[in-house]
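# Build me a model:
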Amino acid sequence: MDDDHLNRAPAALEAIVRDTEQLAFGMASEPKTGALLRVLAAAKPGGRLLELGTGTGIGTAWLLEGMDAAATLDSVDVDARVQAVARRHLGVDPRVTFHVADGADFLNGEPGAFDLIYADAWPGKFSHLNEALSRLHLGGLYVIDDLLPQPNWPDGHAPKVPVLIKTLEEHRGFTSVKLSWASGLMILARTAAD
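Here you go, the predicted structure:
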């Protein structure tokens with residue numbers, strides 16, 4: 001089995017990657033993470049999904065690739081310049097709504113719950129974690145990446161990772177799995193209400 005071979009990449013992916021490289025944006029989701037996101041999104045038919053940290057839209061493209069026609073995606077990023085790449089290539093898809101906002105503000109202001117949250121930004125992951133987890137429906141999935149050492153980690157990232165993992169493993173009402181794959185992933189499923 002060759003897990004580096006990924007079939008059916010999103011149609012817009014090549015153009016998004018090209019624009020990402022031109023911007024020199026080094027925090028994009030990697031292909032294996034994207035392929036997993038596609039599968040998890042497909043497991044939530046008609047679901048409401050949230051992406052914290054649009055970046056240039058690589059993860060967004062994979063999520064949309066897995067979503068059915070009735071599912072919706074809110075994608076949030078604080079950097080309008082970077083998110084503009086995603087808007088340019090994916091903005092015609094009526095299932096996605098882009099928000100230029102701080103993830104913490106979005107979590108505190110947006111009503112309703114989600115079936116899947118992909119937290120690829122500081123808010124919802126290293127800060128405002130409880131706010132993110134509380135926004136999941138029963139059976140909802142919480143996905144994070146970048147848990148294995150990466151050359152593009154910002155200062156202060158490395159010591160926070162083991163604390164985050166321990167916190168998530170001990171969080172009541174969730175079951176979790178760690179994957180030493182791609183950039184290092186963790187998935188939680190909500191098993192009980194508050």
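# which non-adjacent residue is nearest residue 101?
residue 76 (5.5 Å; Cβ to Cβ, 6 or more residues apart in numbering). Quick note: C-beta positions are derived from backbone N, CA and C, even for glycine.
# now residue 15
residue 89 (5.6 Å).
# Quick one: neighbours of that neighbour, just the number.
Per other Cβ atoms under 10 Å, the neighbour tally for residue 89 reads 22.
# most centrally placed residue in the protein?
Closest to where the C-alpha atoms of the chain average out (Cα atoms, centre = their mean) is residue 118, at 2.6 Å.
# give me every residue that touches residue 103.
Shown in contact with residue 103 (Cβ atoms under 8 Å, 6 or more residues apart in numbering): 52-53, 76, 78, 119, 121-124, 128.
# try residue 114
47-50, 135-137, 140.
# my guess is the residue nearest to residue 15 meets residue 14, correct?
No: counting by Cβ atoms under 8 Å, residue 89 does not reach residue 14; the two are 9.8 Å apart.
# which residues does residue 99 bridge with?
Counting by DSSP bridges, residue 99 is bridged to residue 76.
# who touches it in this structure?
Contacts of residue 99 by Cβ under 8 Å, 6+ apart are 74-77, 106.
# now swap in residue 141 and tell me
Neighbour list for residue 141: 40, 43-44, 115-117, 187-190 [criterion: Cβ under 8 Å, 6+ apart].
# partner strands of the helix or strand hosting it, parallel or antiparallel?
Residue 141 belongs to strand 136-144 when assigned by DSSP states H and E. Paired with strand 136-144 in the same sheet, following DSSP bridges, are strand 114-119 (parallel), strand 185-190 (antiparallel).
# Nearest residue to residue 122 in space, please, no chain neighbours.
residue 103 (7.3 Å).
# got the phi/psi numbers for that neighbour?
Taking degrees, to the nearest 10, you get phi -60, psi -40 for the backbone angles of residue 103.
# and it, how far is that from residue 186?
Per Cβ to Cβ, to the nearest Å, residue 103 is found 18 Å from residue 186.
# now residue 145
8 Å.
# Residue 59 reaches residue 34, doesn't it?
Yes: Residue 59 is within contact range of residue 34, at 6.1 Å (criterion: Cβ under 8 Å).
# Tell me where this protein has helices.
13-23, 31-42, 58-66, 80-90, 103-109, 129-133, 160-170 (DSSP state H).
# closest to residue 154 out of those?
Residue 154 sits nearest to helix 160-170 of all the helices of the chain, at 10.2 Å, using Cβ to Cβ.
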